[in-house]
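*Asks:* Sequence and predicted model, in that order:
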Amino acid sequence: MDAAAEARPLLLTKGINFTRLAVDRVIAMDQKPYSVLFIGTAEGWLRRAVVLDSEAHVIEEIQLFDSPQPVDSLTISHSKKFLYVGSRSEVLQLPLANCSRYQSSPDCLLSRDPYCGWDSEGRACVRIDLHRGSTLSQDLALDRFIRNKAKFDKPVFTPSSDPSRQRNVTVVVGSDLVLPCHLVSNLAQPSWLLNERELPLGGDDGDAAGGPRFDRTLRALVVPRAGPQQAGRYTCFSEEQGVKFMTERYLVAVVASAPVFMEARAPDGSMGLFWVLVITLGAVCLLLMGLALYLRRRLKLALGKGAEMKPLESTLVYPITLPKEPPTFVPSKMAGDEDRFWETGANYYYSDGSLKIVPGHALCPSSTGPVTPSTIPGQPIHSPSRLSLTNIRGSGSNGYIRLNLSSAGEERGGGGPLGGGLGGGLGGVGNEYSSPFKEELRRTLQQRSVLPDANPEESSV
């Protein structure tokens, strides 16, 4: 320091223990050096003060840590313009000055911070080491401020005191009314107006007969047992060096009972997320249950089919073709000499009485040559020589003989060689065979004619 230290303290604070001290020398805009004190406390607070003549002016107080703990070290970096604060558990880096926190010209000048100055062109409080020019102003001794005090006869508005930000407060009769008020500095004093009239304030102990008082701990105006006379407009001022800063505005209403407000509330985001999770988990559980039932059904069907197929695995099935049983022949029961003609060792009747025509070759009447024996194996023995069949057509390509029968009393009529057909042939031998034989043959053939041919290669009559 330029001046000699006197045998008296520069700063006294009641109930607070100082633990560390760091000092920085600053050249202000008046080209004078000033000492800035950085003081750490046992509760973890940092106080910044400037020494002006024989006293120290506290610029600001900062709470450093969330939980109270003593400040163990303070180190200033003059090149980087930072202050490093250390404790048992933390180390903090802080700027030597925070000029942006002053939002008006009176607030910036009344802070008496040697690091800061008011820029009238930019209308902001800035650091003087970063901004140079004729638009900057600084008044640590408040000489010009006091001379120009008339400019601040009217209250200075702060951003929080904007008339558009007036707050509405409703209280019930008999309850305490609490109205917070922000002070621009620890040196400022609060003042209140009720309906544009100054409101007298009592001490912190409420000695004003239970009237309104300003609580330093709460930093608020407290009106105990409010009544209808306490309703109206309240305005709070932070007053320092004769300058008033309007900080808060309230419109207070006192009612007989608590009002009931019906307001729509936005849905709680946490509850919405909870229901989304519940629905999602429910859908997943249902899906897994359905999948388990499906797999169980598939497994049951597979096991059942395996049990059915197991005895068949050792069984071999071969196709069997049964032989077609030929129709049996029934020998004729007819009596007489004619029966001997058919009894040649084979049966020529089907089981239903139909006559079987066997393959063979017949001779034409004009043929005189010997009879050529049939080359078909298994041909039956030839008929007796006394049977002469005339006018019989030759066999076709299948080796069968076609016969035509005439009625019982029909004689061999005249006609061509083929005109009589089988009727002429049988008529020629009509004298040799008895009438009962022809009647039986005709009756049998008529019954057989309605039956379809089982084999087109066999001609049956």
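*Replies:* Okay, I see it.
*Asks:* For the rest of this, base every contact and every neighbour count on C-alpha atoms.
*Replies:* OK.
*Asks:* any idea how far the nearest residue to E43 once chain neighbours are set aside lies from S87?
*Replies:* The spatially closest residue to E43, leaving aside those adjacent along the chain, is P68, at 4.8 Å (CA to CA, 6 or more residues apart in numbering). For P68, the distance to S87 equals 10 Å [CA to CA, to the nearest Å].
*Asks:* Likewise for A28?
*Replies:* 31 Å.
*Asks:* Confirm Y234 sits in a strand?
*Replies:* Yes - per DSSP: H, G, I helix; E, B strand; the rest coil, Y234 lies within a strand segment.
*Asks:* Contact partners for it?
*Replies:* 192-195, 249-252 (CA atoms under 8 Å, 6 or more residues apart in numbering).
*Asks:* Kindly report the same for S89.
*Replies:* So S89 contacts nothing (CA under 8 Å, 6+ apart).
*Asks:* how about the helices of the stretch 151-300 of the chain, start to end?
*Replies:* 269-309 (DSSP state H, counting those that start in this stretch).
*Asks:* Report how many residues lie close to T135.
*Replies:* Neighbours of T135 under the rule other CA atoms under 10 Å: 13.
*Asks:* Looks like it contacts S120 (just checking).
*Replies:* Yes - if you go by CA atoms under 8 Å, T135 and S120 touch, sitting 5.5 Å apart.
*Asks:* follow-up on the earlier one: looking at P68 and S87, which is more packed in?
*Replies:* The residue with more neighbours, out of P68 and S87, is S87; 16 against 13, by other CA under 10 Å.
*Asks:* roughly how far apart are that one and Q69?
*Replies:* S87 is 7 Å from Q69, by CA to CA.
*Asks:* Ok, L52 next?
*Replies:* 30 Å.
*Asks:* now do S79
*Replies:* 29 Å.
*Asks:* Give me the more crowded residue out of the two.
*Replies:* Neighbours per residue, other CA under 10 Å: of S79 and Q69, the larger number sits with Q69, 17 against 6.
*Asks:* so the more buried one, which of the three states?
*Replies:* coil.
*Asks:* Give the full set of residues in contact with the closest residue to P228 other than its chain neighbours.
*Replies:* Leaving aside its sequence neighbours, P228 sits nearest to V254 (CA to CA, 6+ apart; 5.6 Å). Residues near V254 by CA under 8 Å, 6+ apart: 170-173, 226-228, 230-231.
*Asks:* Would you mind writing the ChimeraX command to select the buried ones in those residues?
*Replies:* Selection of buried members from these for ChimeraX, criterion 16 or more other CA atoms under 10 Å:
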select :171,172,173,226,227,230,231
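*Asks:* Now pLDDT and distance to I16 too, for the contacts of V254, in CSV please.
*Replies:* Output for these, formatted as CSV (pLDDT from 0 to 100; distance: CA to CA, whole Å):
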residue, pLDDT, distance to I16
T170, 90, 39
V171, 90, 38
V172, 90, 40
V173, 89, 40
A226, 89, 36
G227, 89, 40
P228, 89, 42
Q230, 90, 38
A231, 92, 40
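*Asks:* Out of the contacts of V254, which comes closest to S435?
*Replies:* Closest approach between the contacts of V254 and S435, by CA to CA: T170, at 143.5 Å.
*Asks:* Quickly list what that closest one is bridged to.
*Replies:* Here T170 sits in beta bridges with A253, going by DSSP bridges.
*Asks:* Surely it is in contact with S257?
*Replies:* No - judged on CA under 8 Å, T170 makes no contact with S257 at a distance of 10.3 Å.
*Asks:* Just give me the neighbour total for L299.
*Replies:* 12.
*Asks:* Then N17?
*Replies:* Neighbours of N17 (other CA under 10 Å): 12.
*Asks:* Check L46 too.
*Replies:* Neighbour number of L46 under other CA under 10 Å is 23.
*Asks:* Equivalent analysis for L179, please.
*Replies:* L179: 20 neighbours (other CA under 10 Å).
*Asks:* for it, what are its contacts?
*Replies:* Here L179 is in contact with 220-222, 250 (criterion: CA under 8 Å, 6+ apart).
*Asks:* give the contact list for S35.
*Replies:* Taking CA under 8 Å, 6+ apart as the test, what S35 contacts is 1, 23-26, 50-51.
*Asks:* What mean pLDDT does stretch 34-43 get?
*Replies:* Averaged across stretch 34-43, the pLDDT comes to 94.
*Asks:* C-alpha coordinates for it, PDB please?
*Replies:* Extracted C-alpha coordinates of stretch 34-43, given in PDB (Å, rounded to 0.1, in the frame of the first residue of the first chain):
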ATOM      1  CA  TYR A  34      -5.900   0.600  -5.300                       C
ATOM      2  CA  SER A  35      -5.600  -2.600  -3.200                       C
ATOM      3  CA  VAL A  36      -8.300  -5.200  -3.700                       C
ATOM      4  CA  LEU A  37      -8.600  -7.700  -0.800                       C
ATOM      5  CA  PHE A  38      -9.800 -11.300  -1.400                       C
ATOM      6  CA  ILE A  39     -10.700 -12.800   2.000                       C
ATOM      7  CA  GLY A  40     -11.700 -16.400   2.600                       C
ATOM      8  CA  THR A  41     -13.800 -17.400   5.600                       C
ATOM      9  CA  ALA A  42     -14.300 -20.600   7.700                       C
ATOM     10  CA  GLU A  43     -17.800 -21.200   6.200                       C
END
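*Asks:* Which ones among the contacts of Y234 map onto strands?
*Replies:* Of those, the ones assigned to strands by DSSP state E are 192-194, 249-252.
*Asks:* what's the domain layout of the protein?
*Replies:* 18-152, 157-255, 327-367+384-461 (automatic domain parsing).
*Asks:* averaging pLDDT over each of those domains, which comes out lowest?
*Replies:* domain 327-367+384-461 (a mean of 52).
*Asks:* how deep is G15 tucked in, by neighbour count?
*Replies:* 5.
*Asks:* quick one: P9 from D53, how far?
*Replies:* The value you get for P9 to D53, if CA to CA is used, is 13 Å.
*Asks:* Now do the contacts for E239.
*Replies:* Residues in contact with E239 (CA under 8 Å, 6+ apart) are 188-191, 245.
*Asks:* how about the nearest residue to W118 once chain neighbours are set aside, phi and psi?
*Replies:* Leaving aside its chain neighbours, W118 sits nearest to C125 (4.5 Å; criterion: CA to CA, 6+ apart). Per-residue torsions, C125: phi -90, psi 120 (degrees, to the nearest 10).
*Asks:* Contact partners for C125?
*Replies:* Contacts of C125 (CA under 8 Å, 6+ apart): 99-100, 102-105, 108, 116-119.
*Asks:* what do you get for P200?
*Replies:* Neighbours of P200 in contact, by CA under 8 Å, 6+ apart: 192, 212.
*Asks:* Quick check: phi and psi at it.
*Replies:* The phi/psi pair for P200 (degrees, to the nearest 10) is phi -70, psi 140.
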